[in-house]
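Chemist: here are the coordinates; sequence isn't available:
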């Protein structure tokens, strides 16, 4: 995720900012422009309308008028803008959420806000990759549900284009408990959403993209029984075999579908982190008494886009530095993975598949 600048005063702002702390301008993210915008009230054009401000406070008379997302107005839960002539009161991200938990429960309201924030981050990365919004193709639908006494357990997953997430995952304690119980080194809201979006885009890009045979030669045959494969995976306990030679995680070894989804999530991790580092013009020098190596991080969305090999050359030292910084603060590794050549080959497959429509 890149950082942004207020287009009124130029001060540094962030993807989730709602006000510039330097000039006080109201900020909103404009999805169709993939940019943060400083907005000025435009009551002369209609109630609750805003116009984008130009440099040094001059109005932008391009005709672009916006409303704030309905979830911002009602719940202070979104910072995306909606074009004034859009039919929906919700922004491009929020309208994908079709089912919500009971928001009269304060805990659920807080959980939902956190999940929507992670979903907007996913929306941004997919949009940068040219995958979201998808012209002529429906995007994923989201259902955020809570467990209730006597009801069925809500499982996080994907089915038929719908991504379901148990809102309990927004509770740090609950998520940590599940991470330990399942033996996972990494479990976050954005990680969940990236993984489940992988299942959605497997249908779009692999199944319907006429590259099933290439997928099967690398990931395996997805037609093997899914329920049995997962049952066998969880029945192994700590004896998961040498999965590191070919997979990005132990869960990826359970079934080809999960291998793809875990690899897809890792590719989104890579793209997002590289973009963030590049926006800060980061260079990393790996210490070596004989010949230190320096790497300048390149924006993965630069024109021309860097090759996959260039991205990996920058990714490895960047994650080493990131983990070292975390350890300096007494935190666990932010990226607790070491990717093998087998896993890298699968990441390259995802990269080539994603870059094809972009090209």
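Modeler: Arrived safely, thanks for sending. Since this is a predicted model, take the numbers as computed values, not measurements.

Chemist: pLDDT of stretch 93-109, averaged?
Modeler: If you average the pLDDT over stretch 93-109, you get 94.

Chemist: Which residues does that stretch contact?
Modeler: 31, 69-71, 75, 78, 80, 88, 111-112, 116, 119-120, 123, 139-146, 162, 167 (C-beta atoms under 8 Å, 6 or more residues apart in numbering). Every residue, glycine included, has its C-beta placed from N, CA and C.

Chemist: Any regions of this structure where pLDDT drops low?
Modeler: Within the chain, the stretches with pLDDT under 70 are 54-63, 133-138, 237-241, 357-359.

Chemist: quick one: the strands in it?
Modeler: 4-5, 12-13, 26-30, 35-41, 50-52, 65-68, 81-83, 97-99, 141-145, 157-159, 162-166, 283-286, 293-296 (DSSP state E).

Chemist: Let's see which of the contacts of stretch 93-109 end up in helices.
Modeler: With DSSP state H as the criterion, helices contain 70, 71, 75, 111, 112, 116, 119, 120, 123 from among the contacts of stretch 93-109.

Chemist: ok, back up a step: what about burial for the contacts of stretch 93-109, which qualify?
Modeler: 31, 69-71, 78, 80, 111-112, 116, 119-120, 123, 139-142, 144-146, 167 (16 or more other C-beta atoms under 10 Å).

Chemist: and residue 77, how far is that from residue 124?
Modeler: With distances defined as C-beta to C-beta, to the nearest Å, the gap from residue 77 to residue 124 amounts to 17 Å.

Chemist: swap in residue 168?
Modeler: Applying C-beta to C-beta to residue 168 and residue 124 gives a distance of 25 Å.

Chemist: Spatially central residue in this structure, please.
Modeler: residue 122 (2.9 Å; C-alpha atoms, centre = their mean).

Chemist: Excluding residues flanking it in the chain, which one is nearest it?
Modeler: Closest residue to residue 122 apart from its sequence neighbours, by C-beta to C-beta, 6 or more residues apart in numbering: residue 193 at 4.7 Å.

Chemist: correct me, but the one you found touches residue 118?
Modeler: Yes - under the criterion of C-beta atoms under 8 Å, residue 193 makes contact with residue 118 at 5.6 Å.
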